[in-house]
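Asker: need coordinates for the following:
(chains A and B)
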Amino acid sequence: MPFFDVIKWILWKDMLSEIRSRESISSLFFFALNVILIFSFSFSVGQDVMLALMPGLIWVAFGFTSILGLGKSFLSEVHNDCIAYLQIAPVPKGAIYLGKLAGNILLMMVVEIILYPLFMIFFNMDILAKIPSLLIISFLATVGLSALGTLFSILTVQLRAREVMFPLLLLPLSVPVFIGAVEATQGALSGDPYSSYRHWIELLFIFDMIITIVSFWMFEYILDY
Amino acid sequence: MPSLIGTKISHTYRFFKALKEVSIELQKGECYALFGPNGAGKTTLMKIFATLLQPTLGSVSIMGKDSVQDREAARQALFFIGHKSFLYEDLTAIENIEFTIGLRGWRPTLGEIKTALDRVGIGAYASQKSRYLSAGMQKRLSLAKAILARPSLLLLDEPYASLDEKGIDIMNESIRDFSNQGASVLISSHDRLKAAEVAHRAGTLHNKGLKEVPITELANALF
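Answerer: Residues are numbered from 1 along each chain as shown, chains lettered A, B, ... in the order given. Next comes the predicted model:
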């Protein structure tokens, strides 16, 4: 079975199920909207202070949303024991991981793209010109979070205490992503030259590479044993 | 070459021994019915043959491929219908088949899928999401997937559960078809009479081991 065909089938199945049920996208969107609303009512500060707070607020919202979304990544596979079929399917298990990862990145990016305009509205920030660089940072951070989240989702999906275990595993290991994302977002929002926050982008990129490769390699052992 | 060779298979769940030195051999086109009381280890044995579990001791060969060393090749040869349906609830019957067979590296045409669904009597529900199908219909859908998968070894764990009379007839007709086409079928069931209609050989799991029972004595055998 060609490797990329497996990725395509997994992505097709996950996206079709999500389009039909809208289960994840709606819960993620309303959760993130609640976080934004709470923050917007909590802070009544000037534009300068808000600009300094904004990167943290953005990544708190995205971080909690990713915990909620990524933790459910393999839940649909538990119903009817579909996970057993994935286990015995004659395909490379790493391709299943990459298919799941692609679906998670797509889902998280859709939510983040919807949320950026809401940040602009609720915090009265003019960040339209900075959206392209913010999206690049978001993409790199989302890849890192999703790579970890997809792996920990399969690890915890069959546990009774998965809602507790998933964030316990995800949050400590995703600290480099949050640091890199917050610092790079700070640089982009402040209008600093790219060279001043390039090293944070590089950190995100390298972290993505390492985590994706390690998770890809580990996934087969987790699914099969 | 036998389709399935299980040699001295033992399996232990932590401190509980589920199977002890079970050996079995299935020739091409042969249908074997496996019986035994609850907790005898039937499902454990089926899961070992389906490569969902690894035996603690012993070995399994499927179409000449070792189920641990050459797992992917062994998996390509088998198809497993278990207790659960392996169906995605938000996908239609057609889409579930496309996904399952797609992962086996083949894309059946819409006509082939509809023919398989008609064959198992749920052609009218082809575009229905699987969440709206009854347990019996879901079992039939799994059978349609097996028909299209064309495996060399078909593993059926409780194939008659949830099926009505018509469904049981369709299941048995399909098992006969598989056998006639050269595929081996291993059935694990509690329904001795229904399984005896299609099985060439039978055995019972008793005291963690497997004992052959002549088909003619199946109805009166005590397990």
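
Asker: dump the residue contacts of the residue nearest to B:Ser3 when sequence neighbours are not counted.
Answerer: Distances taken as CB to CB, 6 or more residues apart in numbering or on different chains put B:Ser184 closest to B:Ser3, at 3.7 Å, once the chain neighbours are dropped. C-beta: built from backbone N, CA, C; applies to glycine. By CB atoms under 8 Å, 6 or more residues apart in numbering or on different chains, the contact list for B:Ser184 reads B:2-4, B:26-32, B:152-154.

Asker: B:Asp90 against A:Met15, yeah?
Answerer: No - B:Asp90 is beyond contact range of A:Met15, at 10.8 Å (criterion: CB atoms under 8 Å).

Asker: the more surrounded of those two?
Answerer: Counted by other CB atoms under 10 Å in any protein chain shown, B:Asp90 and A:Met15 do not tie: B:Asp90 has more neighbours, with 20 against 14.

Asker: the more buried one and A:Ser73: what is the separation?
Answerer: Distance, B:Asp90 to A:Ser73, by CB to CB, to the nearest Å: 15 Å.

Asker: quick one: name the residues of chain A near chain B.
Answerer: By the rule CB under 8 Å from any CB of the partner chain, the part of chain A lying against chain B is A:1-2, A:5-6, A:9, A:12-13, A:16-17, A:20-21, A:76, A:79-82, A:84-85, A:87-92, A:224-225.

Asker: residue 22: how many residues sit nearby?
Answerer: The chain I'm using is chain A. A:Arg22: 11 surrounding residues under other CB under 10 Å.

Asker: oops, wrong one, chain B.
Answerer: Residues lying near B:Val22 (other CB under 10 Å) number 24.

Asker: please apply the same query to B:His206.
Answerer: 16.

Asker: and if you look at B:Thr92?
Answerer: B:Thr92 has 19 neighbouring residues, counting by other CB under 10 Å.

Asker: export the one helix or strand A:Leu168 maps to as PDB, just CAs?
Answerer: Element membership for A:Leu168, per DSSP states H and E: helix A:162-173. Backbone C-alpha positions of helix A:162-173 (Å, rounded to 0.1, in the frame of the first residue of the first chain) are rendered in PDB as follows:
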ATOM      1  CA  ARG A 162      -7.400  10.300  29.800                       C
ATOM      2  CA  GLU A 163      -8.700  13.800  30.400                       C
ATOM      3  CA  VAL A 164      -6.200  14.100  33.300                       C
ATOM      4  CA  MET A 165      -3.300  12.300  31.600                       C
ATOM      5  CA  PHE A 166      -3.400  14.000  28.300                       C
ATOM      6  CA  PRO A 167      -2.600  17.600  29.500                       C
ATOM      7  CA  LEU A 168      -0.200  16.200  32.000                       C
ATOM      8  CA  LEU A 169       1.800  14.700  29.200                       C
ATOM      9  CA  LEU A 170       1.300  17.400  26.600                       C
ATOM     10  CA  LEU A 171       1.900  20.600  28.600                       C
ATOM     11  CA  PRO A 172       5.400  20.000  30.000                       C
ATOM     12  CA  LEU A 173       6.800  18.800  26.600                       C
END
